[in-house]
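>>> have a look at this fold, sequence not included:
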């Protein structure tokens with residue numbers, strides 16, 4: 001097994017992905033440029049959002065790229081870490097909120113077992 005699970009990004013891997021689906025790759029690249037263009041949100045705020053989302057989706061490539069882009073865009077390490085903490089709270093909050101499903105299942109099972 002390789003030292004790391006994820007291969008290191010490389011021009012060769014990018015070229016292979018592009019060769020296998022050139023129009024889709026071209027469209028995705030254009031979409032990405034548009035999403036991260038200056039708009040109602042600054043480019044840097046968009047990269048901080050991307051850092052947070054990348055931690056929730058657990059994409060190591062995105063964490064690396066958007067952290068570096070945010071810092072190059074003027075973010076300070078405190079802002080990057082705060083974005084990560086927001087993502088952490090949202091992820092934990094989702095688990096907490098979804099506990100209602102387990103609570104309901106427990107209630108249903110308790111009612112079922114009482115009825116037998």
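Thanks, I have the structure now. Since the structure is predicted, the reported quantities are computational estimates derived from the model, not experimental observations. Numbers count the residues shown, from 1 in each chain.
>>> all contacts plus neighbour counts: C-alpha atoms, from now on.
OK.
>>> helices along this protein, start to end?
Counting by DSSP state H, one finds helices in the chain at the ranges 11-20, 22-35, 43-57, 60-72, 77-115.
>>> can you count the residues close to residue 48?
25 (other C-alpha atoms under 10 Å).
>>> look up how far residue 91 lies from it.
Separation of residue 48 from residue 91 (C-alpha to C-alpha, to the nearest Å): 16 Å.
>>> over to residue 24?
In terms of C-alpha to C-alpha, residue 24 sits 31 Å off from residue 91.
>>> compare these two (neighbour count), which wins?
Neighbours per residue (other C-alpha under 10 Å) separate residue 24 from residue 91, with residue 91 holding more: 16 against 12.
>>> show me the contacts for the more buried one.
residue 56 (C-alpha atoms under 8 Å, 6 or more residues apart in numbering).
>>> try 10 Å this time
53, 55, 56, 57, 85, 97 (C-alpha atoms under 10 Å, 6 or more residues apart in numbering).
>>> which one of those sits in the busiest neighbourhood?
Busiest of those [other C-alpha under 10 Å] is residue 53, holding 21 neighbours.
>>> ok, and the closest non-adjacent residue to that one?
residue 87 (6.6 Å; C-alpha to C-alpha, 6 or more residues apart in numbering).
>>> so where is this structure shaky, pLDDT-wise?
1-2 (pLDDT under 70).
>>> quick check, central residue of it?
residue 54 (2.5 Å; C-alpha atoms, centre = their mean).
>>> rewinding a little: and for the residue nearest to residue 53, the neighbour number?
So residue 87, with other C-alpha under 10 Å, has 20 neighbours.
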